[in-house]
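J.: Okay, structure incoming, though there's no sequence with it:
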DNA sequence: ATGACATATGAGATATGA
């Protein structure tokens, strides 16, 4: 079972790239973030032609998440619980049944939160509190659970090429990292760190500006967090960095986890 | 340095991203 996450920064602008990567990598499930379109505008048929079932939770212009799966998507839920006034489309969840059992998969597009002195940062922190509460509930099921997506969190200095550049940024502020740790400390495992250890230099995002890609000035902000039952089955994690070198790429690249 | 770059909206300039 291969489960991937990828922030595509507009599915309309990235349809060809997404199709090319799916043909190349062939994951069973993909969590897409920032589709930036309403549900009716998502090019589902093109992905269905590749054998994927598609569910979306989109909105006009901003945000939006989609789940693509070769397996049937069951118990689909849209939106992160905890705030009925939240209109931003940032969470979709479903269950898939693989040959070796079921996985519940939550697809996350966590708010950016910049600038830190704004309401946007308070929204980010509240959203993380809601995610913590939801993860806590899901963990009581004691089943394989993968919470994958663009967390907009740099967990540690080793997750940035130049950590000093991020000290006052909403992605790396102590409060942000503390909330991320609180979520991990519920009993979740960072899949990439379990698989690859604490090696530095692994990034999933390179800014379009100032030649960040050419200088490998990246950050690791796309994560797959695993319940104990999912972590037990993890066999490998990789980052498909080469995608960032494609023509007109998104600024994020796919992260893929393999499970036995 | 609020800029570089990129996308959506909508038709010029602004909001958002990280």
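T.: It's in. Only a predicted model underlies this, so the values are computations on that prediction, with no experimental measurement involved.

J.: use CA for all of it now, contacts and neighbours both
T.: Fine.

J.: helix/strand/coil for the residue of the stretch 101-250 of chain A found nearest DNA strand B?
T.: Here the stretch 101-250 of chain A gets closest to DNA strand B at one residue, residue A:209, 3.6 Å apart by C-alpha to the nearest atom of the strand. In the three-state summary, residue A:209 is assigned as coil, counting by DSSP: H, G, I helix; E, B strand; the rest coil.

J.: again with residue A:6
T.: Residue A:6 carries the three-state label strand when classified by three-state DSSP.

J.: in the sheet, who's paired with it?
T.: In this entry, residue A:6 is beta-bridged to residue A:32, by DSSP bridges.

J.: so what's it up against?
T.: Contact partners of residue A:6, counting by C-alpha atoms under 8 Å, 6 or more residues apart in numbering, are A:30, A:31, A:32, A:33, A:149, A:150, A:222, A:252, A:253, A:254, A:255.

J.: Can you say which helix or strand has residue A:180 in it?
T.: Here residue A:180 is covered by helix A:174-184, with elements defined by DSSP states H and E.

J.: Do any residues in that helix lie close to DNA strand B?
T.: No. Shown here: helix A:174-184 not in contact with DNA strand B (C-alpha under 7 Å from any atom of the strand), separated by at least 12.7 Å.

J.: Which SSE is immediately downstream of that helix?
T.: Using DSSP H and E, the helix or strand that directly follows helix A:174-184 along the chain is strand A:189-190.

J.: by contact count, what packs against that next one?
T.: For strand A:189-190, the contact count by 3 or more C-alpha pairs under 8 Å, 6 or more residues apart in numbering; DSSP states H and E identifies strand A:222-226 as packing neighbours.

J.: which outside residues touch stretch A:59-70?
T.: Where contact means C-alpha under 8 Å, 6+ apart, the residues beyond stretch A:59-70 that reach it are A:28-39, A:47, A:51-58, A:88-92, A:107-109.

J.: Show me how to select, in ChimeraX, the buried members of those residues.
T.: Buried residues within the contacts of stretch A:59-70, by 16 or more other C-alpha atoms under 10 Å, are selected in ChimeraX with:
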select /A:28,29,30,31,32,33,34,35,36,37,38,39,47,52,53,54,55,56,57,58,88,89,90,91,92,107,108,109
